[in-house]
Structures are given as structure tokens and as C-alpha cells.
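Peer 1: need coordinates for the following:
(chains A and B)
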Amino acid sequence: MIVDRRNTVVGWLLLAVLMVVTLLPFVSMFTSALFPSGSYPIGISWPADPHWGNFIAAFKAADMGVMLESSVLIVLGVVPISVLIATLAGFAIGHLRVRGGQVAFVLFLVGLTLPLEGVIVPLYYEVRSFGLLGSRWAIILPLIGLFMPFAVYWMRAHFVTAPSELSEAARVDGASTWQLFWRIHVPLARPALTSLAILLSVWTWNQFLLAIVLVDNPTNRTMAGALGAFQGQWGTDIPLLNAGSLLILAPTLLLFLAFQRHFVTALLQGSLKG
Amino acid sequence: MNRNYAPAPAAGAQQQATAPRAHRARGASHRYWGFVAPALVAYGAFVLWPIVQTVRYSFTNWDGVTRATWAGTSNYRTVFTNGQLLGVIGHSFQLIAYFSVIPIVLGLAVATVMRRVVSSRMSSVARVVLFLPQVVPLVAAGIAWNWMLSTTGAVDQILQKVGLGSLAHSWLGDFSTALPAVGVIGAWVLLGLCIVLLLAGMTKIDVSLYEAAQLDGAGPVREFWSVTLPGIRQELGVCVTVTVIAALSAFDIVYISTQGGPGTSTMVPGLEIYQLAFYNRQMGLASALAVVLMLLVLVCILPIQWYVRRGSDR
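Peer 2: Numbers count the residues shown, from 1 in each chain, chains lettered A, B, ... in the order given. Just a heads-up that it's a prediction; the model follows:
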């Protein structure tokens, strides 16, 4: 009992310390963002006269409205298509057991560990040959392909456990494969689909390397790519840089806090399966 | 025929493994390839084809503009003999120590201590806080830590407060501390994921196993090795896999916090590929390094996966 209680205290203390360490960088960003633009704040300290206007200045300097719109467009381009085609493939491999599906599945698995840097050079020339360099499609199309290993893996794992009696019953009632898919299995797969959509959205939003290599203009980039450009431009102005970074973080942070349960579950399952 | 449909949804994985279970010999099951085709096309166009191309480029000398010339294996020889490039690969192994070892050891410590306590589930506040670094872009983590670790940043400020002011310096600007500092950023990013995963794994372990171990006279250490570790093998495997991949393919954090400097003290393969290709216009050498990186990840991950899945029912 006493040992347990001591363990409890030690455990919570350790956890509390780690939580503080996790939050420290955000706190340090926030307090220094309130110092006068161009000044040199020291560590974590509260300014005598907080400059809330820095956030407005950073919003204008970073062209935030345009960036938000661009990121949303990219997510809308990537996520629905990725989820749809991965679900179709996962259904055929996991549930319909298409002949040779295992071969396709192993092929997809190969891509699970692929570091993006490994293919960035040919991707650049490929996208250039399509004439898409600099446009949002330069990020959207490659990302769809790059997400396939994980997305197909994820959806297959769901469909492998989908009860086959259901399909049998539907077939007896004369349902076509297409109806079977849309009317029965897609509705049943909703939790898996939601988690997948959340994960892919976050990964798209945070995609950096594709954005800086394939798109020169920050206003056509993802949020992370735009943040990189913002750092390049305002890197020496610590209050403004931190204010801008926080603004760029804000949408993700708000979404995360709003849907935290979904996020945490999705990320946990995602890493367990991946 | 239809009787082959044994109601065994939970055993789906094995069912698949013993494949030719005449799962209704669908004569026309080829037509379902239409379902797989779109995903396969996207994957082929933007993953498989580029992999093939990377391998092809790696055997050429090419500046990206003029005609490429055949280079044989000279690019690979450069990767394995050039001291700087070898150093770059060495850095990514050093990063594993920070990206993987720190989060996993801390995660194991927290989870072991809290296992009994938190069987009720960790408070959602803690989970949200610990997961924050997983959600924000790595670029933002890089910017935040770049500022934290500068001479006027919070780290030096705290060191001075606790009387360790002599240690304070520009962590990312010093040749000897830059790589560890980058490693700490990565550890910060991955810590929460490891804690939550390992704790989730430990709370699943049957309490009676611990009681049995205690009856047999096992101390805490013995308990940890013979009950806890085997019980969380899968979660541990995930932590190792995720963190090792993150370490080997690190790019965003390094790009933002140090650009590989000072000198080349924090240069990692990902950033080196980027600079070789898009600044030095050495597509062949960049591609050879890219092939080496892809193989390196596979060589590190496959044994881990093999070990984790061996004997487990997945």
C-alpha cells in the first residue's frame, strides 16, 4: 500500500515534469510574441507592456488569409480522394479477396517505411514534366500516392474483420458488389474512415518537404511550407516570428482541442497499425 | 461452397495467411481489380516509379539540365568513401539515440511507475498535453526550440536560475552540442506518443500475471523483465519503429533549426539529399545517397518488425 502510494506520487511528479517540458516551448513562444517587434526578449518573461498587435502585424506580414485558404484547398484535394481510393482497394483486398490481392498488398507494404527524401528528386522532375510545378497540384497529386501504403493498409485491416455473412446475405438479396460496398460496408467502416481522414488531414497540413521543393510561392503551399518561408523572411525578428508561428499553429491546435478524443485515438491506432 | 464462410471474423488475419482457403472460388474475382486500380495507379505513379527513377539516376552523372552520363557505381563509391557523407550517415545513427532511446526509456519509466495507479486511464488532460507535439508541424517545433535553445532563450535562462549558468551557451551554434540539441527536439516530439502507447500497452497486461510473479518471489526488476516487457512487445515495437524512422529520415527539424550547421555537424541524409540535388545540382550523387537511405531504413526496420510479429498472432 505504502509502496503504491509512493509510486503514485513519483509517477504523477514525473508525468507533471514531462508535461511542463512539453508545454515549455509553446509558453516561450507566446510570451516572447508579446514583446515589441524587433526587440530581443530574454527567455520566458512577461513584457511590461504586452504588444498584442504583433499578432495582427504577423497576420498581415504572413498573408495568413491566403495561406489558410491554400492549405484548406490542398487538404480538400488530398483527403477525400485518398480515402476513397484506399477504401476501394482495402475493400477488394481485405474483403472481396481479389485474386492476387496479396501481391498488391505486399507491394503497398513496401512503401510504408519509405522516407520521402528517397524519392524527392524524381518527384520534382515528374511534377515538372506534368507542367504542375508551383501549383497546388504539385503537392496534392504526389501526396495521394505517398499516402496509399498507409491508407490501404489501414482500410484493409478494417475490412479483413468485416463479417462476411453480411455480404452473403446481401448477395442472396441480389445486391451487386457496388451496392454491397456503398450500402453496407462503407457505413459500417465509418469509424475507420473518420480516423483515416483525420490522420491524412494532419499529415497534409504539416507536409513540409514537398512544399518547399515543388512550390516556390508560399501562397500556394501547405501551412508548414508557408511557415518555413515565414521563418526565412522574419527569422531575425523574434517577437514577430513567434507571433506568426503561433498564428499558423492556431488552426491545427483548435481543431485538435475540439476533436481531441478522435485525434488521440486515431494517432494511437495509426501508429499501432502502421 | 458457401459453407466455407465460417463465421470467424476475429481470425481474419490468419484466414488470410492460410490464403488459398478456397474462399468461394470466385471465377471472376479478377474483375474486382477495378477496385484496387485507382490506388495502385496513384501509388505506382508517385512512389514506385520515382523509386525506380532514383535507382536509375544514382548510376549517372547529371546536373538536372544537360544530358545525363553513365557513371557506373562511382556515386556509391563516393557515398561510402567520402568522409563527410559517411559522417552524415553516422549523424542519423546518433540521432536514433535521442529520438528513440530517450522517449522510450522515459516512457517505460513513467508507464511502469503509473501502471497500477492509472489502470483507470490517464487523465485526458495529460493525454492532450503529451500529444500536442504530434499534432503541430515539425517546422513549428523547430522554430520554437530554435528560440528556446538560443543564448537569450528559455533553456539558458533556466540554467542560470538554477545556478548552472556556466553551462549556458548557444546550444545549436556550438559544434559539440548542436547534434545533441537537435536530438532533444526530436525526443520532445516523440516523447508523448511513446508514453501514451506504452502505458496503453501496460494497462492491458493481466494483473494476475504480476501476482503470480510476486508469489514466485520476483522483485520489481524481475517483474519488469519477465512480465511487463513481454506484455508490451507490440507497443514497444511500434515505438521503436516509429522513432527509428523519424530519426533516420529527419528533415524538417534540422532544416529549420540548423540547416545542417554549424559546419556539417548536424547534417543528416535527408537534408544532404536536398542540398546535393537542389543546390549543388548533383542529381546522381543525391540519388545514390537516397537509395542508401531507403535501404538503411529497411535494414533497421525489418528485423524489428520480424521480431515483434514473430509469435504474435497478427
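
Peer 1: wouldn't A:Thr252 be in contact with A:Met223 here?
Peer 2: Yes. Judged on C-beta atoms under 8 Å, A:Thr252 makes contact with A:Met223 at a distance of 7.4 Å. Bear in mind the C-beta positions are built from the backbone N, C-alpha and C, glycine included.

Peer 1: now do the residue in the stretch 101-250 of chain B that chain A sits nearest to against B:Val227, distance only.
Peer 2: Per C-beta to the nearest C-beta, B:Gln157 is where the stretch 101-250 of chain B lies closest to chain A, at 2.9 Å. In this view, B:Gln157 and B:Val227 are 43 Å apart by C-beta to C-beta, to the nearest Å.

Peer 1: what do you get for A:Ser37?
Peer 2: Applying C-beta to C-beta to A:Ser37 and B:Val227 gives a distance of 57 Å.

Peer 1: how about A:Gln269?
Peer 2: From A:Gln269 over to B:Val227 (counting by C-beta to C-beta), the distance is 25 Å.

Peer 1: and B:Val268, by the same measure?
Peer 2: 38 Å.

Peer 1: quick one, which of these two is more surrounded?
Peer 2: Set B:Val268 next to B:Val227 and count neighbours by other C-beta atoms under 10 Å in any protein chain shown: B:Val268 wins out with 28 against 19.

Peer 1: wait, doesn't the more buried one sit right on B:Val88?
Peer 2: Yes. Counting by C-beta under 8 Å, B:Val268 does reach B:Val88; the two are 6.3 Å apart.

Peer 1: related to what we said a few turns ago, so who does the residue of the stretch 101-250 of chain B closest to chain A touch?
Peer 2: Going by C-beta atoms under 8 Å, 6 or more residues apart in numbering or on different chains, B:Gln157 touches A:42-45.

Peer 1: for it, give me the pLDDT.
Peer 2: pLDDT, B:Gln157: 89.

Peer 1: give me the element it is part of.
Peer 2: Here B:Gln157, judged by DSSP states H and E, is contained in helix B:154-161.

Peer 1: ok, B:Gly217 - how many residues close by?
Peer 2: For B:Gly217, the number of neighbouring residues by other C-beta under 10 Å comes to 7.

Peer 1: look up how far B:Pro230 lies from it.
Peer 2: Separation of B:Gly217 from B:Pro230 (C-beta to C-beta) stands at 19 Å.

Peer 1: all helices for chain A, in order.
Peer 2: A:2-32, A:53-61, A:64-94, A:101-110, A:120-129, A:137-160, A:164-172, A:177-179, A:186-188, A:190-205, A:209-214, A:223-234, A:238-258, A:260-273 (DSSP state H).

Peer 1: dump the ones you listed into a markdown table; add mean neighbour count, mean pLDDT and distance to B:Leu179 as well.
Peer 2: Converted to a markdown table, those look like this (neighbours: other C-beta atoms under 10 Å in any protein chain shown; pLDDT from 0 to 100; distance: least, C-beta to C-beta, whole Å):
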| stretch | mean neighbour count | mean pLDDT | distance to B:Leu179 |
| --- | --- | --- | --- |
| helix A:2-32 | 16 | 83 | 19 |
| helix A:53-61 | 17 | 86 | 31 |
| helix A:64-94 | 21 | 93 | 32 |
| helix A:101-110 | 17 | 88 | 31 |
| helix A:120-129 | 20 | 94 | 23 |
| helix A:137-160 | 24 | 93 | 28 |
| helix A:164-172 | 14 | 86 | 53 |
| helix A:177-179 | 13 | 87 | 55 |
| helix A:186-188 | 13 | 90 | 48 |
| helix A:190-205 | 20 | 89 | 27 |
| helix A:209-214 | 25 | 92 | 21 |
| helix A:223-234 | 23 | 85 | 21 |
| helix A:238-258 | 21 | 87 | 24 |
| helix A:260-273 | 18 | 75 | 26 |
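
Peer 1: out of those helices, nearest to chain B?
Peer 2: Proximity to chain B (C-beta to the nearest C-beta) singles out helix A:137-160 among the helices of chain A, at 2.7 Å.

Peer 1: that closest one: how far from the chain's middle?
Peer 2: 13 Å (C-alpha atoms, centre = their mean, to the nearest Å).

Peer 1: what's that helix packed up against?
Peer 2: When contacts are defined as 3 or more C-beta pairs under 8 Å, 6 or more residues apart in numbering or on different chains; DSSP states H and E, helix A:137-160 packs onto helix A:64-94, helix A:101-110, helix A:120-129, helix A:190-205, helix A:209-214, helix A:260-273, helix B:12-17, helix B:33-43.

Peer 1: kindly export it (C-alpha atoms) in PDB.
Peer 2: Once non-C-alpha atoms are left out, helix A:137-160 reads as follows in PDB (Å, rounded to 0.1, in the frame of the first residue of the first chain):
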ATOM      1  CA  TRP A 137      -1.500  20.100 -57.700                       C
ATOM      2  CA  ALA A 138       2.300  19.600 -57.300                       C
ATOM      3  CA  ILE A 139       1.600  18.800 -53.600                       C
ATOM      4  CA  ILE A 140      -1.800  17.200 -54.000                       C
ATOM      5  CA  LEU A 141      -1.100  14.500 -56.500                       C
ATOM      6  CA  PRO A 142       2.200  13.200 -55.100                       C
ATOM      7  CA  LEU A 143       0.700  13.200 -51.600                       C
ATOM      8  CA  ILE A 144      -2.200  11.000 -52.700                       C
ATOM      9  CA  GLY A 145       0.300   8.400 -54.000                       C
ATOM     10  CA  LEU A 146       2.500   8.700 -50.900                       C
ATOM     11  CA  PHE A 147      -0.400   8.200 -48.600                       C
ATOM     12  CA  MET A 148      -1.500   5.000 -50.300                       C
ATOM     13  CA  PRO A 149       0.600   2.500 -48.400                       C
ATOM     14  CA  PHE A 150      -0.700   3.600 -45.000                       C
ATOM     15  CA  ALA A 151      -4.200   4.300 -46.200                       C
ATOM     16  CA  VAL A 152      -4.700   0.900 -47.900                       C
ATOM     17  CA  TYR A 153      -3.100  -0.900 -45.000                       C
ATOM     18  CA  TRP A 154      -5.400   0.800 -42.700                       C
ATOM     19  CA  MET A 155      -8.600   0.100 -44.600                       C
ATOM     20  CA  ARG A 156      -7.600  -3.500 -45.400                       C
ATOM     21  CA  ALA A 157      -7.100  -4.100 -41.700                       C
ATOM     22  CA  HIS A 158     -10.700  -2.900 -41.200                       C
ATOM     23  CA  PHE A 159     -12.300  -4.900 -44.000                       C
ATOM     24  CA  VAL A 160     -10.500  -8.100 -43.100                       C
END
